[in-house]
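> Here is my input, please return the structure:
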Amino acid sequence: MTDLSLRGREIGEMREVACAGLTGRVLEIGFGSGLNVRWYPPEVTSVTAIEPSDVGWKLSEPRRERSTVLIERAGLDGQRLDLPDDSHDSALVTFSLCTIPDPLLALSEARRVVRQGGRLHALEHGLAPDDPVRQWQRRLDPVQRALAGGCHLTRDVPALVARAGWHVEDFEQSYLPGPAVARPWTYGCRLVAVRE
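Residues are numbered from 1 along each chain as shown. All right, here's what the predicted structure looks like:
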């Protein structure tokens with residue numbers, strides 16, 4: 001379901017923008033079914049994929065096989081990375097911070113693994129800027145978590161990134177087109193943050 005719901009043209013265009021500027025060795029937390037693979041820029045030399053779902057990893061196989069980038073699965077849990085400090089040039093996380101039990105811990109681990117001056121690229125949904133939408137998100141959050149594999153509607157992604165020690169230098173937010181009633185689910189943000 002996640003693969004189907006997150007691979008449309010509009011979200012693909014958002015993924016392309018989110019991946020632009022990635023360089024070198026990339027840590028991708030929440031690799032999923034590999035929907036970002038086609039958008040890796042030529043400057044990416046390898047990807048360390050962190051993915052807890054064996055189903056997602058299996059679904060990613062055709063995308064990985066078509067890629068010229070070396071992609072290796074190196075763990076299941078973004079909250080505890082068995083990777084050396086300063087071993088990656090960039091990090092990428094898309095539509096994953098909503099389900100990680102402790103997203104602050106995962107973002108802090110990514111910061112540890114990415115070298116100084118390296119960047120985190122994120123494309124996520126979360127807590128909307130408009131109070132009426134936020135109120136609905138809070139009401140719907142328990143149902144969302146129960147029906148969508150632990151997905152939270154109410155995580156404040158830019159605040160989490162900043163609390164983990166990253167410096168946000170580029171930030172955009174918007175709602176996907178559609179009826180206003182869908183806004184609790186269609187708010188999203190894209191950001192780039194640097195490890196100083």
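
> for the most far-flung residue of the chain relative to its centre, helix, strand, or coil?
Note on the chain: the largest C-alpha distance from the chain mean falls to residue 132, namely 25.4 Å (CA atoms, centre = their mean). Of the three states, residue 132 takes helix under DSSP: H, G, I helix; E, B strand; the rest coil.

> For it, list the residues it contacts.
For residue 132, no residue meets the contact criterion (CB atoms under 8 Å, 6 or more residues apart in numbering). Just so you know, the C-beta spots here come from the backbone N, C-alpha and C atoms, and that holds for glycine as well.

> ok, it to residue 61 distance?
In this structure, residue 132 and residue 61 are 43 Å apart, going by CB to CB, to the nearest Å.

> Tell me how many other residues surround residue 33.
The local packing of residue 33 (other CB atoms under 10 Å) involves 23 other residues.

> any idea which strand is longest in this structure?
Across the chain, the longest stretch assigned as strand under DSSP state E is strand 114-125.

> all helices for the chain, in order.
2-5, 9-19, 54-59, 61-66, 103-113, 131-147, 157-163, 183-186 (DSSP state H).

> Indicate which one of those helices is closest to residue 32.
Nearest of the helices of the chain to residue 32, taken as CB to CB: helix 54-59 at 4.7 Å.

> if we can go back for a sec, what's the most buried one of the helices of the chain?
Each of the helices of the chain was assessed for mean neighbour count using mean count of other CB atoms under 10 Å. The highest is helix 103-113, with a mean of 22.

> got a list of contacts for that one?
27, 29, 78-81, 83-88, 91, 93, 97, 100, 120, 155, 160-161, 163-166, 195.

> go with 7 Å
Outside of helix 103-113, the residues within contact range by CB atoms under 7 Å, 6 or more residues apart in numbering are 27, 29, 78-81, 83, 85, 87-88, 91, 97, 100, 120, 155, 160-161, 163-166, 195.

> which stretches of the protein have low pLDDT?
Counting by pLDDT under 70, the chain shows low-confidence ranges at 1-7.

> Next up, the contacts around residue 31.
Residue 31 makes contact with 49, 50, 51, 60, according to CB under 7 Å, 6+ apart.

> give me the beta-bridge partners of the second one?
Right, residue 50. In this structure, residue 50 has beta-bridge partners residue 29, residue 75, where bridges are defined by DSSP bridges.

> Next up, the contacts around it.
The neighbours of residue 50, taking CB under 7 Å, 6+ apart as the test, are 28, 29, 30, 31, 74, 75, 78, 81.

> one step back: just the buried members of the contacts of helix 103-113?
Restricting these to buried positions leaves 27, 29, 78-79, 81, 83, 88, 91, 97, 100, 120, 155, 160-161, 164, 166, 195, with burial counted as 16 or more other CB atoms under 10 Å.
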